[in-house]
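*Asks:* got a sequence here, can you model it:
(chains A, B and C)
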Amino acid sequence: MRVMYALSVVLLTGACSDLARSPAHAGADAQVQTLGTVEVTARLVEVPEGAIFKRDLYDYATILKYEVVTVHRGALKQGAVIYVGQYNPWKPRAAAADRKAPNLGGNARQFHAGRLQRLALATPLDDFFMGGLVDKYFGRRAGPAYWAVWTNDAD
Amino acid sequence: MPSTRQPQLCLILMFLALIGSVPLLQAALELAAGARPQALEVFRQKPTAPNLRRYEHDLTEASRVAGWLRPWAQYVLFAGLGDGGGKTLVGRAGWLFYKPGVQGLTDRPAHGSHTVEEAAAAIVDFRDQLQARGLRLLIVPAPNKESIYPEYVTRRAAGLGAVPGAGTRALLQQLAAAGVEVADLFALFAAGKTNATAPLYLAQDSHWSPAGVELAAQLVARRITGRGWLQTGTTAYLCRPAPIERVGDLLDMLQLPRTLTRETVPCRQVVRADDGAPYRDEPGAEVLVLGDSFLRIYATDEPGAAGFSAHLARELKQPVLSLINDGGGATLVRQELCRRPQLLAGKKVVIWEFVERDLRLATEGWPRVSLPPPAHP
Amino acid sequence: MVFTTHIFLFYFLPLFLLVYFSLPARWRNLWITLASYVFYGWWEPWFVTLMLFTTLLDFIWGRVITRTGATPGQRRAAVAACVVTNLGLLGFFKYYMFAATTLNQLLAAVGVGTFHIWQVVLPIGISFYTFHSLTYILDLYRGHATPARSFTDFSAFVALFPDLVAGPIIRYKTLAAQLAARETTVARFASGVSIFVLGFAKKILLANPAGDVADAVFGAEGPLVLEAWVGVLAYAFQIYFDFCGYSDMAVGLGRMLGFEFLKNFDAPYRAESITELWRRWHISLSTVLRDYLYLPLGGNRLGPVRTYGNLLVVMLLGGLWHGAKWNFLAWGAYHGLWLAVERWRGKQSLCPALPRPARIGLTFVLVLFSWVLFRAENLTAAAHYFGALLGLTTPGAAAPLLAASLYTPHHLLVLAVCAWLVFQPVQAHDWVQQPLTWNRVAALAPLFLAALAAMFAQSFNPFLYFQF
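*Replies:* Down below sits the predicted model:
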């Protein structure tokens, strides 16, 4: 019984220490700070219905809508809404890369509306990814779509 | 009477150990990997119903124990009890089928479903948009494997011939009524399967075999040239054997702990007659082929240059250009064409392939997709 | 939350048990209440506020009814107000859309304008916990129970997570003493684990695969005759093992906490008549309907015709309790009619001269027909299905393909095991009453492991009775 209590304390301490990290550095690592041409901390605005689920047969990138909170690199503005292609978003980023979309990564495990993530982005998406794209915003969005190269959690 | 206390304690301890060790092991592994335990994510979001559903789903998906046990449970069910799970149907003679595809043939149409009408409207609209640009459209619905080979699904279906779904038949009728040009592979394959030396579909995969690819390419080429939409070109191609070993997508979907068997596939690679170089798409070609994984197989997959487009080019004696979107033959590929309208430059004919099961299961359904206005020179 | 999910088995249950057994006895009911609210709110957090509201109201009505000096008129008014409130809420959430849609159809048929229908979400388990509360109030009114010691005790009774969403329906008077004081022994906990494991295995290893077969046939366009019979047979097994499995798990969880719930199933498919079936199937509902509806209506005391009418009314309402669909009404009417016919024949089986296995078989076939009404999407689909059973419909063009989904070795094995089990005289509830031996542990351990492994391989598949 005591062991279980001790473990609970360890888990909660771990969670709290993680939450207490400085927001400015949250999600920073060597990859996110160097890959792509744009680096932002952005909040995932929404996950449209049916956009993310485990797909049986094929690999897709899915367009997700973010609001930029902090610009670390690149010509974006704070508060801008951007559309980002995430490859096979039902997978943790660390396991997302494959032959069709190499060199992807990050520590983000899931995509939930409201989450803050630090992203290394490349643009335009079509130059970096030639496969299937699920775009729930098709015909409703303007501007280029970005390609998420590295995605870390930042909250 | 013998004491029952020890068995009782043993059962209790076993039960508690099982239900208690799974979360502890999970947390330990996550901490060891430097990650925050997934279970604590529940405290980082508002307790709304969607958030709780997602949290539960994520927790289940992330479970290492479930991840270890699932393939073995699936293996026992498949190898021992002939059960292919939710996605794969175990047929006869080692043939596997995509279960939702078979259900599409046997199930009642969903109440209030208008998919056929929506698909027909989207196709007619796309044809009209291309026509306005002076382009011809040929529709190529690729039959489901089970529609052509029901006798491999079950012995009781022997003698059925080919059984395209009711929705497919309705779609073909509506397209014919609207004057849309369709290459009817159902009739071709139904007749061809008795004459072909090899099956027109792979045993462990949901896609067509090299024999099916070549038969379809011949029909499409005949239709295009027969209608006078295109003159046969001058580039000569040859075929050379390029057998491969392939793990079928249906076997893959079983997520077994190890691959049981690989299927030997007798591909024929298309090469240029003059220099022996494998076939390559040509951006300036007069034919644009849109489609899904039925185009991708043997083309960008192994062995390469042996897919539908390559064999179509061989029949037409000229290269074509392909735009392939796995599982997105219904809509995603048209959306991609919208993003890259320059691909239509210099084209005379557009061939649009999609698989029959997309009538029910199309990613993103069947909306109309408006091409951007043509760029004026 | 669903018993057969990762979150319940590996997070909720161990954490709940850890805290429960760490707390002193006086805090345990409060912990049950809090944890049950989490369990219940997992579907939709606002459901908890509704439950809390009705619990509070019923607790207050209970105090009013048992208040010293309350006149009979005040007590009658209080019980009436309580019944109206509870059934009103149940009626609104469960039947509003059905009633409004039906009314709209009638208005449209006579050419009168229709009205807007709100989309009302049905809180899971409302039929069960409403009945829990009502039995408390009615038993207090009749003097069959004493008021709850505290709000904590009462809210723990109403929210008690093992039986919260799909029963068994437990009356307050049977649990009152256990809420005040209960003992958890090694033997009782082990017995709880045993029956929980058996219920879990029933759901995962039998009900879910049988459900796959039933779903395939009931969803098919014109099944062949044989497949139609296999489909309804599979549904009979699915609903029994699903619901009975849930009840077993509820009983098992209750025992782990020191509670003793009554048996909810007693080998119902061994019944020799429909009358006997209702003594064996969903016993907690049958007895509640008998004690709180059939007997107050007059039972069999007012002559044969009134008795038949009472049986019909009770079964119609029992059908409606399952959901706001014409199918359930038809299902209730079907059972009510057979009960009336059997009552007319002196509570006998339809063919008493037949040997017992034939009587059981005949009853089982009658039950199979009733499951068609219960399972079909609507009455038209049910009519088509009856046609398929009798070979009166044209099979779909691809109907032979259905065989591939049905007659897999896995499904055939499951159906055979189901068929064998349902006709056994000793059921899980009785089996665990016997001493737990090493042989039984050796049987239960691999069964639990196999069911866990199968659960990981299956997609989410909630219990059928959650919808009621």
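*Asks:* pull up the residues of chain C that are close to chain A.
*Replies:* By CB under 8 Å from any CB of the partner chain, the part of chain C that sits against chain A consists of C:Leu18, C:Ser22. All C-beta atoms are positioned from the backbone trio N, CA, C, and that covers glycine.
*Asks:* I'd like to know which elements the lengthiest helix in chain C is packed against.
*Replies:* Looking across chain C with DSSP state H, the single longest helix is helix C:72-109. Applying 3 or more CB pairs under 8 Å, 6 or more residues apart in numbering or on different chains; DSSP states H and E, we find helix C:72-109 packed against helix C:46-66, helix C:126-142.
*Asks:* turn the ones you listed into TSV, columns for distance to A:Val71.
*Replies:* TSV is the format used below for those (distance: least, CB to CB, whole Å):
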stretch	distance to A:Val71
helix C:46-66	39
helix C:126-142	50
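*Asks:* wait, a helix at A:Thr70?
*Replies:* No - assessed with DSSP: H, G, I helix; E, B strand; the rest coil, A:Thr70 is strand; it does not lie in a helix.
*Asks:* what about it, how many residues nearby?
*Replies:* For A:Thr70, the tally of surrounding residues (other CB atoms under 10 Å in any protein chain shown) stands at 16.
*Asks:* same question for A:Lys91.
*Replies:* Other residues within reach of A:Lys91, judged by other CB under 10 Å, total 18.
*Asks:* which residues in chain A form helices?
*Replies:* Counting by DSSP H, one finds helices in chain A at the ranges A:2-19, A:30-34.
*Asks:* rank those by pLDDT, which is bottom?
*Replies:* Lowest mean pLDDT within the helices of chain A: helix A:2-19, a mean of 49.
*Asks:* who's in contact with the closest residue to chain B within chain A?
*Replies:* Scanning chain A for the residue nearest chain B gives A:Tyr58, at 3.8 Å (criterion: CB to the nearest CB). Each residue near A:Tyr58 by CB atoms under 8 Å, 6 or more residues apart in numbering or on different chains is listed here: A:Gly132, B:Ser293, B:Asp326, B:Gly327, B:Gly328.
*Asks:* nearest to chain C, of those?
*Replies:* Nearest to chain C among the contacts of A:Tyr58, counting by CB to the nearest CB, is B:Gly327 at 19.6 Å.
*Asks:* how about the helices in the stretch 201-350 of chain B?
*Replies:* Ranges of helices in the stretch 201-350 of chain B, per DSSP state H, counting those that start in this stretch, are B:210-226, B:249-253, B:293-296, B:308-316, B:332-339.
*Asks:* could I get those as CSV with mean pLDDT?
*Replies:* Below are the helices of the stretch 201-350 of chain B laid out as CSV (pLDDT from 0 to 100):
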stretch, mean pLDDT
helix B:210-226, 96
helix B:249-253, 88
helix B:293-296, 94
helix B:308-316, 97
helix B:332-339, 92
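*Asks:* how does chain C divide into domains?
*Replies:* Under the assignment automatic domain parsing, the domains of chain C span C:6-182, C:188-272+C:349-467.
*Asks:* name the surrounding residues that touch stretch C:105-116.
*Replies:* Residues outside stretch C:105-116 that contact it (CB under 8 Å, 6+ apart) are C:Ala100, C:Asn104.
*Asks:* could you rerun that using 7 Å?
*Replies:* The set of residues external to stretch C:105-116 that reach it, using CB atoms under 7 Å, 6 or more residues apart in numbering or on different chains, is C:Asn104.
*Asks:* same check, this time on stretch C:73-81
*Replies:* C:Trp61, C:Val64, C:Ile65, C:Ile137, C:Leu138, C:Tyr141.
*Asks:* least trustworthy helix or strand in chain A by mean pLDDT?
*Replies:* Least confident helix or strand of chain A, by mean pLDDT, DSSP states H and E, is helix A:2-19 with a mean of 49.
*Asks:* ok so, going back, and among the domains of chain C, the most buried is which?
*Replies:* Ranked by mean neighbour count under mean count of other CB atoms under 10 Å in any protein chain shown, the domains of chain C are led by domain C:188-272+C:349-467, which reaches a mean of 20.
*Asks:* average pLDDT for it?
*Replies:* Domain C:188-272+C:349-467 comes out at a mean pLDDT of 91.
*Asks:* in chain A, what spans have low per-residue confidence?
*Replies:* Residues of chain A meeting the criterion pLDDT under 70: A:1-24, A:56.
*Asks:* now with 80?
*Replies:* A:1-25, A:53-58, A:131 (pLDDT under 80).
*Asks:* and the strands in it?
*Replies:* Remark: strands assigned in chain A by DSSP state E are A:38-46, A:60-73, A:81-87, A:116-122, A:132-134, A:145-153.
*Asks:* kindly present those as TSV, with separate columns for distance to chain C.
*Replies:* Shown next, in TSV, are these (distance: least, CB to the nearest CB, whole Å):
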stretch	distance to chain C
strand A:38-46	20
strand A:60-73	20
strand A:81-87	24
strand A:116-122	24
strand A:132-134	21
strand A:145-153	22
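*Asks:* so which of the ones you listed gets nearest C:Glu44?
*Replies:* Nearest to C:Glu44, of all the strands of chain A, is strand A:38-46, at 20.2 Å by CB to CB.
*Asks:* partner strands of that closest one, with direction?
*Replies:* Strand A:38-46 has its sheet partners listed here by DSSP bridges as strand A:60-73 (antiparallel), strand A:116-122 (antiparallel).
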